[in-house]
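1. Quick one, fold the following:
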Amino acid sequence: MQHSDKSGSISKILINDWKAVEEQTIEAIKLHHRSYSTEKTYIALLRRFQGFVKSKELKELNGKDLQDFLSYLADERKVSASTQNQALNAIVFVYRHVIEKDIEDQINSVRARQKRLLPVVLTVREVNNIFDEM
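-> Numbers count the residues shown, from 1 in each chain. As a prediction, this is how the structure comes out:
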């Protein structure tokens, strides 16, 4: 069994040891001065991703797996656009700082956009009707 060093490189840890990846992710989050709230969120999303990819080995994972996960969150779990974006950021963070594999060029999906709500605006007639009722 291989062990991790201070750099947190996946090549230094057991390649399919999700627990070790989780621990290295926590170290990387702290090293990058992210908040405890971010740490909790990223770890929860990493666990959801692990559950989604099931028995697939870490070294076999790629951008398509992430795209499929994001689609699953949107289509089946009906999560908000901000949750999708958090999931994307969390998994890309793990790939970049723990697994040390750049997958951003493999991600073809566009970041989910939040729905923009139109402001409620009354017509001049509606405003006049309100004033007439006062």
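
2. name the element residue 115 belongs to?
-> Of the helices and strands defined by DSSP states H and E, none includes residue 115.

3. so what's it closest to, chain neighbours aside?
-> Distance criterion Cβ to Cβ, 6 or more residues apart in numbering; nearest residue to residue 115, sequence neighbours excluded, is residue 81 at 7.4 Å. For glycine as for every other residue, the C-beta is placed from the backbone atoms N, C-alpha and C.

4. swap in residue 56?
-> Computed as Cβ to Cβ, 6+ apart, the closest residue to residue 56 that is not its neighbour in sequence is residue 65, at 7.1 Å.

5. contacting residues around the one you found?
-> The contact partners of residue 65, by Cβ atoms under 8 Å, 6 or more residues apart in numbering, come to 52-53, 56.

6. which ones among those are found in helices?
-> Those of these mapping onto helices are 52-53, per DSSP state H.

7. out of the contacts of residue 65, which are buried?
-> Among the contacts of residue 65, those classed as buried by 16 or more other Cβ atoms under 10 Å are 52-53.

8. hang on, the earlier thing: and the residue nearest to residue 56, how far from residue 121?
-> The spacing between residue 65 and residue 121, counted by Cβ to Cβ, to the nearest Å, is 44 Å.

9. just residue 70 next, same as before
-> Separation of residue 70 from residue 121 (Cβ to Cβ): 35 Å.

10. More neighbours: the two, which one.
-> residue 70 (23 against 7; other Cβ atoms under 10 Å).

11. What's the mean pLDDT across stretch 48-56?
-> The average pLDDT within stretch 48-56 is 89.

12. name the element the residue lying closest to residue 88 once chain neighbours are set aside belongs to?
-> Excluding the flanking residues, the one nearest residue 88 by Cβ to Cβ, 6+ apart is residue 70, at 6.1 Å. Assigned by DSSP H and E, residue 70 falls within helix 63-75.

13. what's the angle from the very next helix or strand once past that helix to helix 63-75?
-> Using DSSP H and E, the helix or strand that follows helix 63-75 towards the C-terminus is helix 81-94. Angle of helix 81-94 versus helix 63-75, following axes from the mean of the first three to the mean of the last three Cα atoms, to 10 degrees, is 160 degrees.
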